[in-house]
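Student: make a model of this:
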Amino acid sequence: MVLFMVLPHSVCKLQFIHPDTKTYSTKCSVSEPLPILHEFYQPGDLVIGEITSQVFYLRFPTNFDEKPSPMLIHEAIMMPKSYKHALALVFAIKEINDNPSILPNTTMGFHIYDSYHDPQITFMSTFGLLSSRHRFLPNYGCDSQSPPIVTIGGFCSEITLYMAIALDAYKMPQLVYGSFDSSMNKKMSLSSLYQMVPDEYHQCTGVVQLLLHFRWTWVGLFTVDNDNGDRFLEILGLMVFAKGICFAFVEKTLKWTFADSMLHVFSNEEKIFSTLMGSNANVFIVYGTPPSLLNLSWKRRVTILDSYLGKVWILTSHWDFRSSIFHGDHNMQPFHGAISLSLHSSEPLGFRTFLQSINPSWAKEDGFVKDFWEQSFNCSFKNITAQKESKTKERCTGKEILENLPNTYFEMIMTGHSYNVYNAALAVTYALHNIYESRSKHRSWPAGKMLDFWNFHPFLKNILFNNSAGETVHFDENKELITGFDITNWATFPNKTSARVRIGRLDPHATPGTELSIQDEHIVWQKTLNQVVPISLCNNNCQPGYQKKPREGKPFCCYDCAPCPEGKISNQKGGDLCVNCPEDQYSNMDQDQCIPKIISYLSYNEPLGITLASSATVFALITAIVFAIFLKHQDTPIIKASNRGLTYILLIFLLFCFLCPLLFIGEPKMLTCLTRQTAFGIIFSVALSSLLAKTITVVRAFTITKPGSWMIKWLGIRLSISVVLFFSLIQAGLCTVWLSISPPFPHMDIHSLKGKIIIACDEQTIFLFGCVLWAFWPLFVSLLPFLLGSYLPVLMNLNSLLSAWWSFAVFGYHLCQPT
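Tutor: The predicted structure is shown next:
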């Protein structure tokens, strides 16, 4: 239906020729569609077309009952900065024509139309490039004008798509110089589309990385109310959600498309600004094309709110503080410190000098310059006396200086979109150069012969060259220019001028984690922030020792703070969850850090360790002294009568028994764990067996009444050694089995006591450990000799000593066990 609206209309009238013969004739006329008042044309052997988006106008909606009204088309609103998109192509063509080595004997030309940010006009402008110069007849050549070999445009995804629908049927290459969502290209299979800018997806990635870099998790979003805005919101929403960022609000700005919708637009803006004023978010993201944001700028100019101060604006590449005459002399202070994702740009040689040569009469074919000049300098080329605006406007002299314009209107540098237009023109030219060289090797290129669009694509797709700014230009496999975004920071001044400083870069093709590089020290923030990085959170971060507790019915970025549970800590502000301390540490009282646990074992520094070590040493010395006395008097009758061999064994192993507690004092090691229980068991078994053997010997000696009895032979050394070896070997065998099957090892008990790690030997199996305790079983065997020995004289009764010594041994062993 849009195509029908832009096509010429044929109107035929029936005319009566002669009354007698009643002959008739038909007279047909072709009516042109809405005129395109803004056009810039320079002829050439080969022409590059361009559709810019410099002009915006209000009109009434088409009702299909009458011819579309051009009533408001003369009240155009200029975007002064966008005029440079056309100038970039003019400069590129001039640079190409001045260099005969690129295309010898060939002159490049251009043909520029404007889209007026309108689908209908975009289609009409696109087909206008394919028509005769002065007649809207696509596919017909009624004059010597050559149709473009390629077309550059458009400024945004919407305009780009409208152009692509028309151009793809011709397979004409289209080089997009503004942001574009490649998903649309994949859905519609637009094979002739080339992107001079990064994909829209990368812009969303850049916004998220900026938010993460400054730790902003509570942000507001302004987006345009159309399909592009919905896609941006969908992609960005998924990204921020995955990174723990929430939207404080999402407001959609309406587009000024029709004049009768202005009141609705203003009403919507009142709602948007009420939301803005009531939000506690300090960061606002702005996405949308200039016409959709004119109302935002207008409202911001009319109502300067104190609540703006201290806010940070993150702008996408679509909005570059473009101003129009509709804005007037507005205050830019609320945008001081804004951060913008700008399309990458560089400065070609001679571009500033070229801009200085621009004036209203510099090119008579330029249909943009007069409106640009009038609205930029607030003057008029018309007869002032006949104009109602004579009181506010002076007559344009043509001597006004572009450099005197505020940056919000015009900048004397090559900005991102203009740089893309410049590179697009050079890419086309170098592709033509490669075609020329390839054909000159085989056959001549006939003068005036048109290029087949489908044959042009392989050369354009594989282009690789360096421009005059020293940068390499080439496409990837998806026909997307390998480039990135510049991170710029805006500073405004009291004289209502502004400046932007490049503070970083976003390179989508860099290795993961290094895409964003930014110089924080060069950033200028809002004056009220005193150069402190602003905070944008739903609520204050939880202090250390607390964790986040979600609020019911609120986004996950809004939460309460709850103390960490017992045994867990949170050692930084804004911690999501409390974490357990390592096993060798425990939480402090404030639960904001982990403290190493104290290692606990029976040491020589503790009172119990000192007491046991001292007692063991004293008793060992006493035993050693007694043993020394026995050795000194070993030949005396009393020593001989006491069964000297058993006595020596008893004293030696009794000495070792007193020293065994020393194995239980100190940090348990593998060697001590293996030896402490087994050594004590064997030593104690030998000592107890020796005492048992002595008791049996004494008892049997007093109970034998017949001299020469066979039992006398067994009361000597044989019986004593047999008793000692029998019980000792049993104990040694049990210990060997224990150490072979399940040996003890050092074990750290980290759970029994808070704040302590108890190091002890783990005997592993209770059964085998119990078997080792058979060192005590000779006591039960000695019950019989004990009963028999109770009739002996007191001086010869050792069983009383056995009971006392046994009690002491068990008590000492119990003290050495860990608790």
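Student: in this structure, what helix or strand scores lowest on average pLDDT?
Tutor: Least confident helix or strand of the chain, by mean pLDDT, DSSP states H and E, is strand 9-18 with a mean of 41.
Student: quick check: longest helix of the chain.
Tutor: Using DSSP state H to define each element, the chain has its longest helix at helix 670-703.
Student: mean confidence for it?
Tutor: The average pLDDT within helix 670-703 is 78.
Student: what's the burial count for Phe493?
Tutor: 13 (other CB atoms under 10 Å). Where C-beta positions appear, they are placed from N, C-alpha and C, glycine not excepted.
Student: pLDDT at it, what is it?
Tutor: Note for Phe493: predicted pLDDT of 79.
Student: now do the one 3 residues further on
Tutor: Confidence at Lys496, expressed as pLDDT, is 69.
Student: and what of the one 5 residues further on?
Tutor: Model confidence at Val501, given as pLDDT, is 89.
Student: returning to what we had before: buried residues in the longest helix of the chain?
Tutor: For helix 670-703, burial by neighbour count (16 or more other CB atoms under 10 Å) applies to 672-700.
Student: what kind of secondary structure is Glu552 in?
Tutor: Following DSSP: H, G, I helix; E, B strand; the rest coil, we place Glu552 in the coil state.
Student: below-threshold pLDDT in the stretch 401-550 of the chain: ranges please.
Tutor: 440-451, 496 (pLDDT under 70).
Student: and the helices in the stretch 551-700 of the chain?
Tutor: Under the criterion DSSP state H, counting those that start in this stretch, the stretch 551-700 of the chain carries helices at the ranges 607-632, 637-641, 644-659, 670-703.
Student: same for the last one, what does it pack against?
Tutor: To tie it back to what came earlier, the one meant is helix 670-703. Other helices and strands packing on helix 670-703, by 3 or more CB pairs under 8 Å, 6 or more residues apart in numbering; DSSP states H and E, are helix 644-659, helix 717-741, strand 745-749, strand 756-762, helix 766-772, helix 777-781, helix 783-789, helix 799-816.
Student: ok, which stretches of the stretch 1-150 of the chain are helices?
Tutor: Using DSSP H, counting those that start in this stretch, the helices of the stretch 1-150 of the chain run over residues 2-6, 83-97, 119-129.
Student: wait, I meant the stretch 351-500 of the chain
Tutor: Using DSSP H, counting those that start in this stretch, helices in the stretch 351-500 of the chain cover 351-356, 369-377, 416-440, 453-461.
Student: OK, contacts around Thr647?
Tutor: Neighbour list for Thr647: Phe630, Ile639, Lys694 [criterion: CB atoms under 8 Å, 6 or more residues apart in numbering].
Student: let's see that with 7 Å instead.
Tutor: Phe630 (CB atoms under 7 Å, 6 or more residues apart in numbering).
Student: swap in Leu343?
Tutor: Val197, Ser317, Gly416, His417, Asn420, Phe485.
Student: now do 6 Å
Tutor: With contact set as CB atoms under 6 Å, 6 or more residues apart in numbering, Leu343 has these partners: Val197, Ser317, Gly416.
Student: mind checking how far it is from Lys549?
Tutor: Leu343 is 43 Å from Lys549, where distance means CB to CB, to the nearest Å.
Student: and Ile639, by the same measure?
Tutor: In this view, Ile639 and Lys549 are 83 Å apart by CB to CB.
Student: in the stretch 251-400 of the chain, where is pLDDT below threshold?
Tutor: Counting by pLDDT under 70, the stretch 251-400 of the chain contains low-confidence residues at 254-277, 289-309, 320-332, 383-392.
Student: CA-only coordinates of the strand or helix carrying Phe247, as PDB, when you get a sec.
Tutor: Using DSSP states H and E, Phe247 maps to strand 246-253. Included here for strand 246-253 are C-alpha records, laid out as PDB according to Å, rounded to 0.1, in the frame of the first residue of the first chain:
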ATOM      1  CA  CYS A 246      17.200  -4.300  36.900                       C
ATOM      2  CA  PHE A 247      15.200  -1.600  35.200                       C
ATOM      3  CA  ALA A 248      13.700   1.000  37.600                       C
ATOM      4  CA  PHE A 249      11.300   1.900  34.800                       C
ATOM      5  CA  VAL A 250      10.900   1.500  31.100                       C
ATOM      6  CA  GLU A 251       9.300   4.400  29.200                       C
ATOM      7  CA  LYS A 252       8.600   4.500  25.500                       C
ATOM      8  CA  THR A 253       8.800   7.900  23.700                       C
END
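Student: which strands and helices lie in contact with it?
Tutor: strand 218-224, helix 262-278 (3 or more CB pairs under 6 Å, 6 or more residues apart in numbering; DSSP states H and E).
Student: note down every partner strand of that strand and its orientation.
Tutor: Partners of strand 246-253 in the sheet, by DSSP bridges, are strand 218-224 (parallel).
Student: any idea of the mean pLDDT for the strand it pairs with?
Tutor: 88.
Student: what residues sit buried inside it?
Tutor: For strand 218-224, burial by neighbour count (16+ other CB under 10 Å) applies to Trp218, Val219, Gly220, Leu221, Phe222, Thr223, Val224.
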